[in-house]
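Participant: Need a 3D model of the sequence below.
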Amino acid sequence: MYAHYVSGVLRRMKRSRLTVEQRQELARRHAVGEDVNTLSKAYQVTIRQVYRVLADEKGDTRGRARVSKSVSFRAPTGEIDAFLASARGVGITGSSQAFRALVRMALGLFELFPNQLEDFNRSVWLIGKEGQLLNQLAKSVHKGKLRLTDEDRILLSKCIDVNKRLYDELRDILDEAKTRRGYALSQLSRAKGQGDG
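Facilitator: The predicted structure follows:
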């Protein structure tokens, strides 16, 4: 039953994800007089999402805090088509997202592609579970149920610290990737992780 619920939510979310181009087109159509109900049906998103996109495009939300700049350049059509095809291969459907990912990688930033999100999310969840097990072990030591040498206690403490730092860093990368691509999967993935346990 839970798997059915998750797949239903994912299907709805997949339908409602808009590319940068679609968001701009939606705002243009609204500016020339199309009402929010029509736009909601046309883009298969909720009316609330239409209002959110319109606010984003006007710069009325925190999501627009980072200033963006439109860039154009010339390149052979074959090269552009090949690049966009390879981007589609990793789950990037919009050309703006594809070129932004390229810019981020050229700057040396870590880029998490849409087709990697589920596997990466699962890995983060597993690292979090390992942290819980390490904490349970530390509690057993603290309560005297398990005896460790001083060296082993220090090692256990270091393992807990490293696990916590790794989990926090990976969680930040995952949350940033989801936010950047318009994913709202954080709560769903956490709920899915709890359901797996």
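Participant: Quickly list the domain ranges of the chain.
Facilitator: 1-66, 73-108, 114-196 (automatic domain parsing).
Participant: Report the buried residues of the longest helix seen in the chain.
Facilitator: In the chain, with assignment by DSSP state H, the single longest helix is helix 150-180. The neighbour-count criterion (16 or more other Cβ atoms under 10 Å) identifies 156, 160, 163, 167, 170-171, 173-174, 177-178 as the buried residues of helix 150-180. Backbone N, C-alpha and C define where each C-beta goes, glycine included.
Participant: before we move on, what about stretch 28-39?
Facilitator: Per 16+ other Cβ under 10 Å, stretch 28-39 contains these buried residues: 30, 36, 39.
Participant: Export the domains of the chain to JSON lines and append columns for mean pLDDT.
Facilitator: Output for these, formatted as JSON lines (pLDDT from 0 to 100):
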{"stretch": "domain 1-66", "mean pLDDT": "71"}
{"stretch": "domain 73-108", "mean pLDDT": "85"}
{"stretch": "domain 114-196", "mean pLDDT": "79"}
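Participant: Please tell me how far the most centrally placed residue in the chain sits from residue 120.
Facilitator: Centroid-nearest residue in the chain, with Cα atoms, centre = their mean: residue 178, separated by 1.4 Å. Residue 178 is 10 Å from residue 120, where distance means Cβ to Cβ, to the nearest Å.
Participant: Also residue 113?
Facilitator: 9 Å.
Participant: ok, now residue 107?
Facilitator: From residue 107 to residue 120 the distance is 20 Å (Cβ to Cβ).
Participant: which of the two has more neighbours?
Facilitator: More crowded of residue 107 and residue 120, by other Cβ atoms under 10 Å: residue 120, with 16 against 8.
Participant: Test my guess that that one contacts residue 174.
Facilitator: Yes - using Cβ atoms under 8 Å, residue 120 is in contact with residue 174, at 6.0 Å.
Participant: Quick check: neighbours shared by these two?
Facilitator: Counting by Cβ atoms under 8 Å, 6 or more residues apart in numbering, the residues touching both residue 120 and residue 174 are residue 112.
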